[in-house]
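*Asks:* just to be clear, the model below is a prediction. Sequence and coordinates:
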Amino acid sequence: MGVVNLAPDSFSDNGEFATPQAAAAHAQRLIDEGADIIDIGGESTRPGSSGVTLEEERRRVLPVLEQLASGAVPVSIDTRKPELMREAIAAGASMINDINALLAPGAIEAVAASDVALCLMHKQGTPADMQVKPHYDDVVAEVLAFLSARVQAVRAAGVAVERIVVDPGFGFGKTLEHNLELLRRLDRFAATGAAVLAGISRKSMLGRITGREVGERVHASIAAALIAAQKGARILRVHDVAATRDAIAVWRAVQGDNP
Ligand code: HH2
């Protein structure tokens, strides 16, 4: 999954792709590099961010979605807002990626009757306060219990488990130790019955480990993506598609998979 951030305050792309033309061109580049899904987000959820209005998020996201929706690669929309979920599905989105795990009132109703894929992510707190003092007694057990309950809630609305993806939410209300423990035990999330997505690319946990700034975290991101894949992640949410694909190709070749 290649990431296209449309928010001018995005931590990873710094607003580089904030016009529809630049964003669509960047998405095309990620597709050429081998992305199987493009994830478009119009709201920065970086720690300390304060959100965006529906009107502004819609203005950022829909023009780019409309340009990409007729292409061969499925488009995911990264949003917490039920209204935008409905509009994105009507405009041809194939997936809704919600860092709020469809907890907003009306979110499950907005997506259940469609046939799009749904990513349910765990976070503790809100982007505004989540890194202030994250706390868990047992991070893996608590995140797994939350995601299992969300899968059940979405299934109870008539959604087949094949449409559901779960994500422990690296960096969303987690210390470095919490993130490392989640990565170590990522294989446990298969117990939800859903496919697992991991989004670690360029995140600050990699900066803490390597001492590198966000633009210099490609190599660390590839290492993290490869570990996540080996622990069972079916979808890797990344900024550097070509490099990630190369690393995965080497691993799969060693395993004896066809290239
Ligand atoms: N991370 C970010 C945003 N959306 N969605 C899922 N499912 N999993 C993630 O780990 C995840 C996500 C944050 O990264 P990014 O989009 O690069 O930055 P920003 O929110 O500043 O635009």
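*Replies:* Structure's in. What do you need?
*Asks:* could you point out which element follows the helix or strand hosting Cys119?
*Replies:* With elements taken from DSSP states H and E, the one containing Cys119 is strand 117-121. Helices and strands here follow DSSP H and E; after strand 117-121, the next one along the chain is helix 139-156.
*Asks:* now for that next one, which elements pack on it?
*Replies:* Contact here means 3 or more C-beta pairs under 8 Å, 6 or more residues apart in numbering; DSSP states H and E; on that basis helix 139-156 packs against helix 107-112, strand 117-121, strand 164-167, helix 176-184. C-beta here means a position set from N, CA and C on the backbone, and glycine is covered the same way.
*Asks:* in JSON lines: the ones you listed, plus mean neighbour count, distance to Leu30 and mean pLDDT.
*Replies:* Rendered in JSON lines, the data for those read as follows (neighbours: other C-beta atoms under 10 Å; distance: least, C-beta to C-beta, whole Å; pLDDT from 0 to 100):
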{"stretch": "helix 107-112", "mean neighbour count": "20", "distance to Leu30": "24", "mean pLDDT": "98"}
{"stretch": "strand 117-121", "mean neighbour count": "25", "distance to Leu30": "18", "mean pLDDT": "98"}
{"stretch": "strand 164-167", "mean neighbour count": "24", "distance to Leu30": "19", "mean pLDDT": "98"}
{"stretch": "helix 176-184", "mean neighbour count": "18", "distance to Leu30": "23", "mean pLDDT": "98"}
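*Asks:* of all these, which lies closest to Ser49?
*Replies:* With respect to Ser49, and counting by C-beta to C-beta, the nearest of the helices and strands packed on helix 139-156 is strand 117-121 at 15.5 Å.
*Asks:* related to what we said a few turns ago, turn the helices and strands packed on helix 139-156 into CSV, columns for distance to Ala157.
*Replies:* Putting these into CSV (distance: least, C-beta to C-beta, whole Å) gives the following:
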stretch, distance to Ala157
helix 107-112, 4
strand 117-121, 10
strand 164-167, 11
helix 176-184, 27
